[in-house]
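In: pasting the structure only:
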């Protein structure tokens with residue numbers, strides 16, 4: 001139930017008009033039933049209190065949407081590229097979310113990312129009436145007691161223990177930042193700092209406050225801890241703000257990740273933490289590795305027997321392609337589980353398909369009596385469109401899987417997309433260069449091993 005109080009100062013106006021305005025405003029809210037039912041509750045202190053109720057169905061929809069938002073926020077914090085193979089799903093019939101992270105190397109930081117609410121607020125540092133300076137002090141110095149604080153202020157601390165007396169009201173929040181905009185970069189003296197970018201409305205509010213409080217301090221708080229307290233030396237109309245401090249690279253990266261993911265719409269608590277050994281999935285991983293080895297082995301044997309030396313060139317390009325894919329996935333911090341292995345196996349098939357198209361075109365050109373060099377050039381030229389068509393359409397499918405999939409599906413999509421891009425590069429350029437090194441220097445070569 002939401003209580004709406006009409007204080008005494010409104011007794012002299014037409015209350016019905018005021019109630020109509022309130023009803024119209026509430027009518028635009030998403031979760032309140034229409035029409036809004038408001039009833040007189042009681043007289044209190046010459047004020048009239050009315051109420052509007054939230055229906056059970058609306059409350060259920062609100063809870064469901066909050067859980068969906070929490071799941072999306074967790075996904076952004078834990079699995080930015082979709083290759084950590086994490087599984088985040090709702091427990092049926094219960095207000096719980098189950099998170100499974102394979103091969104976690106830093107569980108402490110991951111748990112912190114899960115538990116951190118991520119509430120960002122900008123608050124002004126209170127000016128000390130006696131000194132005329134911002135009311136703050138170093139860690140360990142005498143700080144004001146609670147009964148000494150003026151109304152509408154609060155005592156907060158930064159990450160190094162320094163204290164500040166802040167205005168209780170904030171003038172900016174995380175909702176005033178552009179989504180996924182926080183970045184880490186090197187500051188003037190080489191230390192890491194976090195850059196945030198405002199929305200249009202956030203930039204306007206920041207500009208107004210900075211102009212009205214020149215030579216005063218503002219605090220940038222994350223979950224009630226002051227991350228930075230810069231001084232306004234002039235009116236700032238910049239679309240960005242910096243968080244500086246004694247950050248390590250890891251701390252700055254963690255802070256940027258929390259800011260990019262945004263705050264949870266509702267408080268969360270950890271119901272259970274459990275570490276599961278690899279025994280349960282060891283057999284599945286072993287079978288996946290066996291499938292990968294068998295698939296690669298059969299492809300190698302087929303290419304060597306059917307295409308002879310040209311098949312060897314294809315195998316060399318395939319090895320280069322696998323190294324490229326694994327290198328890119330390692331850069332993303334990927335965990336190679338079953339979906340990732342499936343993506344690699346599919347990539348091997350696509351790679352062979354591209355080479356088969358090229359080799360068959362070359363054989364057709366040789367059958368017409370063309371020279372080796374001319375047949376190679378024409379074969380690559382004619383096979384190019386077919387290779388691009390097949391790979392690009394599959395990349396588009398992978399992009400759709402990544403955009404709408406979650407957890408393992410995203411991991412499969414990333415592996416597939418990276419593999420296909422590497423496949424187009426190796427099939428079109430790498431094998432061609434190997435042919436150049438092998439055959440083009442022998443200008444009078446009359447036969448091609450294919």
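Out: Arrived safely, thanks for sending. Predicted model, so just to flag it, every value in this text is computed and none were measured.
In: In the stretch 201-350 of the chain, what residue spans correspond to strands?
Out: Secondary structure of the stretch 201-350 of the chain (DSSP state E, counting those that start in this stretch): strands at 218-222, 225-228, 240-243.
In: packing partners for the longest one?
Out: Read it as strand 218-222. strand 120-125, strand 163-173, strand 225-228, helix 249-261 (3 or more Cβ pairs under 8 Å, 6 or more residues apart in numbering; DSSP states H and E). All C-beta spots, glycine's among them, are computed from the backbone N, C-alpha and C.
In: Show me which positions of the host helix or strand of residue 184 end up buried.
Out: Per DSSP states H and E, residue 184 falls inside strand 183-186. Neighbour-count burial for strand 183-186, counted by 16 or more other Cβ atoms under 10 Å, picks out residue 184.
In: With stretch 291-311 instead?
Out: 292, 295, 296, 299, 300, 303, 307, 310, 311.
In: May I have the residues that are in contact with the nearest residue to the fifth one once chain neighbours are set aside?
Out: Sequence neighbours aside, residue 315 is the residue nearest to residue 300 in space, at 5.5 Å (criterion: Cβ to Cβ, 6 or more residues apart in numbering). The contact partners of residue 315, by Cβ atoms under 8 Å, 6 or more residues apart in numbering, come to 300, 303, 304.
In: for the last one, what are its contacts?
Out: Taking Cβ under 8 Å, 6+ apart as the contact definition, residue 304 lies against 311, 312, 315.
In: mind listing what the second one touches?
Out: In this case it means residue 312. Contacts of residue 312 (Cβ under 8 Å, 6+ apart): 303, 304.
In: likewise residue 221?
Out: Residues near residue 221 by Cβ under 8 Å, 6+ apart: 120, 121, 122, 123, 156, 166, 227.
In: what separates the helix or strand residue 70 falls within from the chain centre, distance-wise?
Out: Element membership of residue 70 [criterion: DSSP H and E] is helix 56-78. Distance of helix 56-78 from its chain centroid, counting by Cα atoms, centre = their mean, to the nearest Å, is 17 Å.
In: Please apply the same query to stretch 295-311.
Out: 41 Å.
In: Ok, stretch 202-217 next?
Out: That offset, for stretch 202-217, works out to 30 Å (Cα atoms, centre = their mean).
In: ok so, going back, rebuild the helices and strands packed on strand 218-222 as JSON lines, extending it with mean pLDDT and mean neighbour count.
Out: Listed next are those as JSON lines, based on pLDDT from 0 to 100; neighbours: other Cβ atoms under 10 Å:
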{"stretch": "strand 120-125", "mean pLDDT": "88", "mean neighbour count": "22"}
{"stretch": "strand 163-173", "mean pLDDT": "90", "mean neighbour count": "18"}
{"stretch": "strand 225-228", "mean pLDDT": "84", "mean neighbour count": "18"}
{"stretch": "helix 249-261", "mean pLDDT": "73", "mean neighbour count": "19"}
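In: Tabulate these (a markdown table), appending distance to residue 380.
Out: Below are those laid out as a markdown table (distance: least, Cβ to Cβ, whole Å):
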| stretch | distance to residue 380 |
| --- | --- |
| strand 120-125 | 54 |
| strand 163-173 | 57 |
| strand 225-228 | 56 |
| helix 249-261 | 43 |
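In: and the nearest residue to residue 182 once chain neighbours are set aside, how far is that from residue 343?
Out: Leaving aside its chain neighbours, residue 182 sits nearest to residue 259 (3.8 Å; criterion: Cβ to Cβ, 6+ apart). Distance, residue 259 to residue 343, by Cβ to Cβ, to the nearest Å: 31 Å.
In: what's the answer for residue 354, then?
Out: 16 Å.
In: And the helices in the stretch 201-350 of the chain, which stretches?
Out: Per DSSP state H, counting those that start in this stretch, the stretch 201-350 of the chain carries helices over the ranges 249-261, 279-331, 338-367.
In: picking up where we left off before, give the rounded mean pLDDT of the helix holding residue 70.
Out: Helix 56-78 carries an average pLDDT of 72.
In: same for it, what does it pack against?
Out: For helix 56-78, the packing partners by 3+ Cβ pairs under 8 Å, 6+ apart are strand 87-90, strand 97-100, helix 107-115, helix 249-261.
In: Which one, of the helices of the stretch 201-350 of the chain, ends up nearest to residue 411?
Out: helix 338-367 (4.9 Å; Cβ to Cβ).
In: Give the burial count for the nearest residue to residue 91 once chain neighbours are set aside, as a bare number.
Out: Spatially, and ignoring its direct neighbours in sequence, residue 91 is nearest to residue 98 (5.5 Å; Cβ to Cβ, 6+ apart). Number of residues near residue 98 (other Cβ atoms under 10 Å) recorded here: 12.
In: can you check residue 206 too?
Out: Counted with other Cβ under 10 Å, residue 206 comes out at 24.
In: Residue 199 is in contact with that one, correct?
Out: No. Look at residue 206 against residue 199 with Cβ atoms under 8 Å: they stay out of range, at 10.1 Å.
In: okay, now the domains of this protein?
Out: Following automatic domain parsing, one gets these domains for the chain: 2-54, 118-261, 279-440.
In: okay, those domains in a markdown table with distance to residue 68 next?
Out: Putting the domains of the chain into a markdown table (distance: least, Cβ to Cβ, whole Å) gives the following:
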| stretch | distance to residue 68 |
| --- | --- |
| domain 2-54 | 14 |
| domain 118-261 | 14 |
| domain 279-440 | 11 |
